[in-house]
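Q: sequence and predicted structure are below.
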Amino acid sequence: MIVDEYTGIETLKKSDILSPSIQVVIVLLSYKINKSVLQDLIEKAGRFWEVKPEMEEIQNQFRLVRYFMVFYKSAILGTTIYYEIAALTSTERVLPTECYRFCDIEKDSCYWFLVLFVNIAAFVLVWGIYTFDGFFAGSVIQLIGQLKLIKHKLENLKFENDEENLIEIIDHHNFILDFINDINTLYSNILFTQFSSLIFSMCIGSFLLTLHGTPTVNTLTQYVVYLTCMFTQVFVFSYGGQVILDETASVADVAYQTNWFHASVSMQKSISTIILRSQQETKISVGGFSNLDLRMYLYVCC
């Protein structure tokens with residue numbers, strides 16, 4: 001979106017496309033700059049990325065996340081389609097979102113060219129947002145599954161003659177925690193940009209929603225849908241970060257509740273290593289300013 005000059009409220013009304021545009025541009029640039037890091041993460045993910053089918057709890061969580069992402073994708077796509085239909089059914093010649101008009105919109109050729117351009121740009125933005133959010137959500141649920149798998153192995157560990165399996169669990173646990181740190185290194189600054197643009201959009205949307213007192217039906221339809229997508233997007237990130245915090249910390253509890261006191265001294269030391277490593281907070285941060293958790297969600301939304 002390019003605005004020729006600031007015209008007060010009208011300029012703010014045209015800023016609804018600014019947040020997703022910033023998000024997609026920053027994500028694509030970050031992926032391009034950190035392409036080798038991203039490829040390395042994907043290759044690392046293949047090392048432990050199997051979940052046993054009999055672990056029904058993990059499979060159920062996978063299904064819930066998949067259903068939520070379908071809903072989330074539908075909400076984003078539905079919002080985009082709403083803007084498209086609202087523009088096409090308007091009695092005036094307006095565009096779904098504002099852009100730099102290099103020709104006279106009253107001319108048919110110019111109008112339909114701009115409509116086509118804006119539509120393509122809008123769906124590219126939707127694809128970019130959903131791809132990043134989907135990849136992030138997929139990474140989170142896989143990490144949660146792996147942490148639950150580690151706890152499952154600890155609960156079923158036989159300390160009398162199972163030292164080899166314990167070493168494998170420690171290796172698995174260290175790998176997952178290092179993997180979370182790698183994700184934080186790659187995504188921390190991206191998340192800071194995401195949250196900054198989302199906060200800007202939520203502030204502008206809330207302001208425009210209540211600008212003239214009680215909002216009309218058209219205003220409600222436009223901005224409530226828009227704000228719902230913004231709040232949902234913040235929740236997806238925050239909830240994912242919170243669950244990772246909780247799951248990494250809970251490994252220490254499970255390790256302590258095992259029958260470690262029946263084990264050999266070397267195995268007891270290994271269990272202590274798992275507990276100490278789990279007690280060190282492993283987190284995803286938002287640009288280093290705050291943890292990615294539900295507290296962050298409350299700060300942003302309340």
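A: Received it, and whenever you're ready, just let me know what you need.
Q: please enumerate the helices of the chain.
A: Per DSSP state H, the chain carries helices over the ranges 9-13, 18-33, 35-45, 56-88, 108-155, 163-209, 217-256, 265-279, 294-301.
Q: what is the fourth one packed up against?
A: If I follow you right, that is helix 56-88. Counting contacts by 3 or more C-beta pairs under 8 Å, 6 or more residues apart in numbering; DSSP states H and E, helix 56-88 packs against helix 108-155, helix 217-256. C-beta coordinates here come from the backbone N, C-alpha and C atoms, glycine included.
Q: now swap in the longest one and tell me
A: In this structure, helix 108-155 packs against helix 18-33, helix 56-88, helix 163-209, helix 217-256, with contacts taken as 3+ C-beta pairs under 8 Å, 6+ apart.
Q: other residues contacting the first one?
A: For helix 18-33, the external contacting residues (C-beta atoms under 8 Å, 6 or more residues apart in numbering) are 1, 38, 124-126, 128-129, 132, 186, 189-190, 193-194, 197-198, 200-201, 230.
Q: what do you get if the cut-off is 7 Å, keeping everything else the same?
A: For helix 18-33, the surrounding residues in contact (C-beta atoms under 7 Å, 6 or more residues apart in numbering) are 1, 38, 125, 128-129, 132, 190, 193-194, 197-198, 200-201.
Q: narrow the residues you listed to those that are buried.
A: Among the contacts of helix 18-33, those classed as buried by 16 or more other C-beta atoms under 10 Å are 38, 125, 128, 129, 132, 190, 193, 194, 197, 198, 201.
Q: would you turn these into a markdown table with pLDDT?
A: What follows is the buried ones among the contacts of helix 18-33, written out as a markdown table (pLDDT from 0 to 100):
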| residue | pLDDT |
| --- | --- |
| 38 | 73 |
| 125 | 73 |
| 128 | 72 |
| 129 | 71 |
| 132 | 74 |
| 190 | 82 |
| 193 | 81 |
| 194 | 79 |
| 197 | 78 |
| 198 | 79 |
| 201 | 77 |
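Q: now render these as CSV, adding distance to residue 138.
A: Conversion of the buried ones among the contacts of helix 18-33 to CSV gives the following (distance: C-beta to C-beta, whole Å):
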residue, distance to residue 138
38, 14
125, 20
128, 16
129, 15
132, 11
190, 16
193, 20
194, 17
197, 22
198, 20
201, 24
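Q: out of the residues you listed, which comes closest to residue 298?
A: Lowest distance from residue 298 to the buried ones among the contacts of helix 18-33 (C-beta to C-beta) belongs to residue 198, with 14.3 Å.
Q: if we can go back for a sec, and the helices and strands packed on helix 56-88, which one's lowest on average pLDDT?
A: Note on these: helix 108-155 shows the lowest mean pLDDT, a mean of 79.
Q: got a pLDDT number for the residue nearest to residue 287 when sequence neighbours are not counted?
A: What sits nearest to residue 287 in space, not counting adjacent residues and going by C-beta to C-beta, 6 or more residues apart in numbering, is residue 192, at 2.8 Å. As predicted, residue 192 sits at a pLDDT of 85.
Q: quick one: residue 192 and residue 290 touch, right?
A: No - contact criterion C-beta atoms under 7 Å: residue 192 and residue 290 do not qualify, at 9.2 Å.
Q: of all the helices and strands packed on helix 108-155, which one comes closest to residue 145?
A: With C-beta to C-beta, the closest approach to residue 145 among the helices and strands packed on helix 108-155 belongs to helix 56-88: 4.7 Å.
Q: state the mean pLDDT of the closest one.
A: For helix 56-88, the per-residue pLDDT values average out at 72.
Q: next, format the helices and strands packed on helix 108-155 as a markdown table and append distance to residue 149.
A: A markdown table is the format used below for the helices and strands packed on helix 108-155 (distance: least, C-beta to C-beta, whole Å):
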| stretch | distance to residue 149 |
| --- | --- |
| helix 18-33 | 29 |
| helix 56-88 | 7 |
| helix 163-209 | 8 |
| helix 217-256 | 11 |
